[in-house]
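Peer 1: Prediction below, plus the sequence it came from.
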Amino acid sequence: MRTQRILSALIATGYLVGAFVSWGPEVGLRLSIALLLPISCIWFSEELGDYTGNWDGHLIGEKSPGWMVAFAGWALLVLPPLAILLLHLTTPR
């Protein structure tokens, strides 16, 4: 678990540094807010998976496996930049 936390923090830090340098503080701050969900899913996967109850008007009746919550966090953290890169590489110039 510690390795996942370190790796996800390094990736998120890279995103944030790139955003602050390339687009400025407003985009960097917005990205930092957007990164809260995937980082939380990775860092606290067991705790979030154990949650049952009401969340924003939706009933969560069963627990989720921690690995599944972590997987979703990794997908949210890694897939959007990969999709953007793929689009950039495959777009004709």
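Peer 2: Ah, there it is.
Peer 1: which parts of the lengthiest helix in the chain are buried?
Peer 2: Of all segments of type helix in the chain, defined using DSSP state H, the longest is helix 66-90. Of the residues in helix 66-90, Gly66, Val69, Ala70, Ala72, Gly73, Trp74, Leu76, Leu77 count as buried by neighbour count, 16 or more other Cβ atoms under 10 Å. In this view, the C-beta of every residue, glycine as well, is placed from N, C-alpha and C.
Peer 1: for stretch 13-22, same thing?
Peer 2: Buried residues in stretch 13-22 (16+ other Cβ under 10 Å): Tyr15, Leu16, Ala19, Phe20.
Peer 1: List the contacts of the spatially most central residue of the chain.
Peer 2: Centroid-nearest residue in the chain: Pro38, 2.4 Å away (criterion: Cα atoms, centre = their mean). By Cβ atoms under 8 Å, 6 or more residues apart in numbering, the contact set of Pro38 is Ser8, Ala12, Gly73, Trp74, Leu76, Leu77.
Peer 1: name the element it belongs to?
Peer 2: Element membership of Pro38, judged by DSSP states H and E, is helix 36-43.
Peer 1: and that helix with helix 66-90, angle?
Peer 2: 130 degrees (axes from the mean of the first three to the mean of the last three Cα atoms, to 10 degrees).
Peer 1: buried sites along helix 36-43?
Peer 2: Neighbour-count burial for helix 36-43, counted by 16+ other Cβ under 10 Å, picks out Pro38, Ile39, Cys41, Ile42, Trp43.
Peer 1: Next up, phi/psi of Asp50, please.
Peer 2: The phi/psi pair for Asp50 (degrees, to the nearest 10) reads phi -80, psi -10.
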